[in-house]
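In: Take a look and give me a structure for this.
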Amino acid sequence: MNVRQLDISKRSIALAAALIGTVSLAIGAHAALNMRVLDAAKAVSTDQVTGSVGQTSRLALVIGNGHYPDARAPLTQSINDARALSSALRKNGFDVDMVEDASKDDMVRAVNRLKSRITNDTTVMLFFGGYGVQAGRESYMLPVDAVIWKESDVRRQGVSIEGVLDMMKQQGAKAKLVVVDASRRNPYERRFRSYSHGLAPIGTPDNALILSSASPGKVVDDGKGEHSTLVGELLNNLNAQGSSAESVFNKTRIAISRASEGDQVPTVSSSLLEDVQFNEAGG
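Out: You can find the predicted model right below:
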């Protein structure tokens with residue numbers, strides 16, 4: 001090999017070494033970039049998971065049914081009540097699913113959405129405003145498209161309150177709150193051979209709190225205000241700072257009973273094992 005060939009070989013080796021070095025630097029920079037991207041993705045994922053847990057620790061299903069074809073006039077208060085209560089619950093940290101003038105399919109889908117989101121650390125609240133009917137000692141929420149001529153139609157076309165409570169229990173909800181504003185004179189019951197006014201006593205599972213607008217078997221007339229008597233008083237008590245759910249429900253019951261001089265006595269049933277606080281921040 002002559003000197004010129006040796007110089008060419010040396011230059012080739014130097015160029016190859018430089019090329020290898022450049023490639024190595026590029027690979028290293030790409031790897032570092034990938035690590036930063038992965039770290040950022042992990043951070044976003046953690047934030048999303050943390051946020052998700054916080055958002056789903058309190059869930060509420062709020063149903064306001066007002067426009068029933070068989071009724072003489074719409075229940076305008078039920079819609080107003082659902083909207084106002086939804087707003088108040090959101091301020092209290094609840095993730096609210098509100099449904100207005102719900103058909104049977106709407107109500108079933110809403111209950112299934114709620115079911116899919118309940119975990120062991122979830123506090124769950126159900127509100128129903130509209131017409132309710134008892135059948136077979138069980139209370140049913142009626143959708144606006146219910147076609148009812150006999151008592152068996154109630155079981156087929158209504159949604160059982162006890163059934164929703166049982167679902168909450170089976171899903172392992174930490175605490176279960178229910179407000180039922182449905183003890184109204186409805187257009188269906190007189191079609192039955194035998195009927196009873198109002199709702200049946202609602203069974204209370206473990207760690208549950210239930211507020212109903214009247215005593216079992218009793219009905220109440222709607223007032224002329226923007227909200228029903230029950231929800232109007234409930235909203236007032238929800239605004240009190242640091243009140244427990246049990247205290248809010250009982251204050252509502254007492255205030256309505258006194259104001260009506262005993263004509264309307266809401267029912268509160270409790271098996272709560274722990275406090276559920278409303279309005280901890282005072283607003």
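In: The stretch 51-200 of the chain: helices as residue ranges?
Out: 76-91, 104-117, 151-157, 161-170 (DSSP state H, counting those that start in this stretch).
In: next one: the first one to chain centre, how far?
Out: Relative to the mean C-alpha coordinate of its chain, helix 76-91 is positioned 13 Å out (CA atoms, centre = their mean, to the nearest Å).
In: Buried residues in it, which are they?
Out: 77-82, 84-86, 88-89 (16 or more other CB atoms under 10 Å). In short, each C-beta sits where N, CA and C put it, glycine included.
In: Using CSV, write down the CA coordinates of it.
Out: Provided in CSV are the C-alpha atoms of helix 76-91 (Å, rounded to 0.1, in the frame of the first residue of the first chain):
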residue,chain,number,x,y,z
THR,A,76,-94.1,23.3,36.3
GLN,A,77,-92.6,23.1,39.8
SER,A,78,-91.0,19.8,39.1
ILE,A,79,-88.9,21.2,36.3
ASN,A,80,-88.0,24.3,38.3
ASP,A,81,-87.1,22.1,41.3
ALA,A,82,-84.8,19.9,39.3
ARG,A,83,-82.9,22.8,37.8
ALA,A,84,-82.5,24.7,41.1
LEU,A,85,-81.5,21.5,43.0
SER,A,86,-79.0,20.5,40.3
SER,A,87,-77.4,23.9,40.6
ALA,A,88,-77.2,23.7,44.4
LEU,A,89,-75.8,20.2,44.3
ARG,A,90,-73.1,21.2,41.8
LYS,A,91,-72.0,23.9,44.3
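In: tell me the centre residue of the protein?
Out: In the chain, the centroid-proximal residue (CA atoms, centre = their mean) is residue 60; its distance is 1.9 Å.
In: In contact with it: list those residues for me.
Out: Contact analysis of residue 60 by CB atoms under 8 Å, 6 or more residues apart in numbering lists 86, 89, 94-97, 124-127.
In: repeat that with 7 Å
Out: Residue 60 makes contact with 89, 94, 96, 125 under the criterion CB atoms under 7 Å, 6 or more residues apart in numbering.
In: again with residue 96
Out: With CB under 7 Å, 6+ apart, residue 96 has these contacts: 60, 62, 86, 89-90.
In: for residue 124, same thing?
Out: Contacts of residue 124 by CB under 7 Å, 6+ apart are 59, 118, 168, 173, 176-177.
In: And for residue 187?
Out: So residue 187 contacts 70-71 (CB under 7 Å, 6+ apart).
In: Low-confidence regions, the stretch 101-250 of the chain specifically.
Out: Regions of the stretch 101-250 of the chain meeting the criterion pLDDT under 70 cover residues 193-196.
In: now the strands: where do they sit in it?
Out: Counting by DSSP state E, counting those that start in this stretch, the stretch 101-250 of the chain has strands at residues 123-129, 132-135, 138-141, 159-160, 175-181, 208-212, 243-244.
In: and the fifth one with helix 161-170, angle?
Out: I take that to be strand 175-181. Interaxial angle of strand 175-181 relative to helix 161-170 (axes from the mean of the first three to the mean of the last three CA atoms, to 10 degrees): 170 degrees.
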